[in-house]
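> sequence plus predicted model, see below.
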Amino acid sequence: GGAEVAGNYAVFLAHIQGDLTGAEEYFQRALEADPTRVETLINYAHFLELCLTDDDRAQEAFERALAACGSSNAPLLGSYALFRARTHEEDAEENKQLFQRALEADPTNGPNLAAFATFLSGVLGQNEQADVLFRRSIESSPSDASILGAYASFVAEVLHDNDSAEVYFRRALEAAPDHTVNLGRFAYFLHAVRGDHHAAD
């Protein structure tokens, strides 16, 4: 229907055309047509957070999406947990519970498993549990370059297992050879950890 078309066009304007004003207009049209369409609300929350850096309005959009779908939408719960972890760093225990809710909704969601692993390691220092979750995320999403690259960095920087880290970096780049974040991480790894300046270039 009209809400889906307008919402998809808003995403196109924001992320492909870079037309933030037009995107805002079409998001509003989509939400007028269907104020409780969860996919539109999630995309609008991401737009407000990442494109407009308007955390207050993003929080409101996330809350509207949560009210519309309850606690059953794992991607939404994971996105909200990440958002809260960034904007409310001081609420570590509450943020941990949000990640747990996301995994209760779908225990096999690879991106949510990896995001929770990153949170447990980076914020709470719970590296053993983080390692378990990273491994589960790779089992669920074995060709997800972002997850493989995040785990490679974790293995190198936290577990200090350089041989395994290199294996995961290479798997990540096989999955997506042009993944700029992974290319940068791997180049740094080769240069700083392996001392392989030629390969890093």
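Nice, thanks for sending it over.

> can you give me the helices in the chain?
In the chain, the helices defined using DSSP state H lie at 2-12, 20-33, 38-46, 55-69, 74-87, 92-105, 110-122, 127-140, 145-154, 162-175, 180-188, 197-200.

> could those helices go into CSV alongside mean neighbour count?
Every residue, glycine included, has its C-beta placed from N, CA and C. Shown next, in CSV, are those (neighbours: other C-beta atoms under 10 Å):
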stretch, mean neighbour count
helix 2-12, 17
helix 20-33, 17
helix 38-46, 23
helix 55-69, 17
helix 74-87, 20
helix 92-105, 17
helix 110-122, 23
helix 127-140, 18
helix 145-154, 24
helix 162-175, 18
helix 180-188, 16
helix 197-200, 10
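
> which of the ones you listed has the lowest mean pLDDT?
Ranked on mean pLDDT, the bottom entry among the helices of the chain is helix 197-200, at a mean of 64.

> got a list of what the closest residue to F186 other than its chain neighbours touches?
Nearest non-adjacent residue to F186, counting by C-beta to C-beta, 6 or more residues apart in numbering: F169, 4.4 Å away. Taking C-beta atoms under 8 Å, 6 or more residues apart in numbering as the contact definition, F169 lies against L148, G149, A152, N182, R185, F186, F189.

> how close does the fifth one sit to G125?
The spacing between R185 and G125, counted by C-beta to C-beta, to the nearest Å, is 21 Å.
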